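Participant: This is a predicted model, with the sequence first.
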Amino acid sequence: MTITWSHKKTFILVVSLLLISVVAISLFYQQIYPEKQNLDELKREVKQQQAMIDAIHARKDEITEESEKASILQHQLPLDNGISELLTQLQKVEEVTGTTIIQVQEEKQDSATETSDGIEETKYTMQLAADDYTMMHDFLTKLSTMERIVEISSLTFQQQNDEATRPVEIGITTYRQPNMNIHLLKEPTAN
């Protein structure tokens, strides 16, 4: 059996191949290409959302750090006078050093002293008794390293030979910032 190839058969074969190619290409552009575009768009959206999540996490960490700094600053420079917190801190210093605070008195001023930064200062006079100079030194050291900013402005020793304790008068200055703008934090509490 011999096969004869004719131009008609060649034409039918070429047209069939072209028809199959056209059908395959149209299926690709109707079915596969749109899905590929959707997949690419979804990948872009995922990247954008991941970038937003990363930015939010970075901002959250930044806000947490700022909040911690603000909390520390609020303890150092409270919004109000905070006399009860100051007395609690002084009592802790008194207990640790073994001294006895006899009296704490706020010095009355005609007008509140305010710096250019809006920080107000309050002066106190404190009388205490200590058995020896080491106890006084420990008290002054603890006083100057308290969480709240306290400045020792004056110190007067009274030497009395007949008494075992030595009376001391200390002038201290505390600071506060009533105009501090911290909305997220609550008032500090004594630890």
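Facilitator: In hand now; what should we look at?
Participant: do you know how far V168 is from S153?
Facilitator: To S153, V168 is 14 Å away according to C-beta to C-beta, to the nearest Å. In this view, the C-beta of every residue, glycine as well, is placed from N, C-alpha and C.
Participant: Kindly apply the preceding question to P78 instead.
Facilitator: For P78 relative to S153 (C-beta to C-beta), the value is 19 Å.
Participant: Those two - which one has more neighbours?
Facilitator: Taking other C-beta atoms under 10 Å, P78 and S153 do not tie; P78 has more neighbours (21 against 14).
Participant: average pLDDT across the longest helix seen in the chain?
Facilitator: In the chain, taking DSSP state H as the definition, the longest helix is helix 33-76. Across helix 33-76, pLDDT averages out at 90.
Participant: so how far is it from its chain's centroid?
Facilitator: Centroid displacement of helix 33-76 relative to its chain, using C-alpha atoms, centre = their mean, to the nearest Å, is 18 Å.
Participant: likewise stretch 88-97?
Facilitator: Per C-alpha atoms, centre = their mean, the centroid offset for stretch 88-97 relative to its chain is 28 Å.
Participant: what's that stretch in contact with?
Facilitator: Stretch 88-97 is touched from outside by 100-101, 104, 126, 128, 130, 135, 138-139, 142-143, 146-148, 190, with contacts defined as C-beta atoms under 8 Å, 6 or more residues apart in numbering.
Participant: got the CA positions of that stretch in PDB?
Facilitator: Output of stretch 88-97 as PDB, limited to C-alpha atoms (Å, rounded to 0.1, in the frame of the first residue of the first chain):
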ATOM      1  CA  THR A  88       5.900  57.500 100.700                       C
ATOM      2  CA  GLN A  89       9.300  57.700  98.900                       C
ATOM      3  CA  LEU A  90      10.800  59.600 101.800                       C
ATOM      4  CA  GLN A  91       9.400  57.000 104.200                       C
ATOM      5  CA  LYS A  92      11.100  54.200 102.300                       C
ATOM      6  CA  VAL A  93      14.400  56.200 102.300                       C
ATOM      7  CA  GLU A  94      13.900  56.700 106.100                       C
ATOM      8  CA  GLU A  95      13.400  53.000 106.600                       C
ATOM      9  CA  VAL A  96      16.400  51.900 104.500                       C
ATOM     10  CA  THR A  97      18.800  54.300 106.200                       C
END
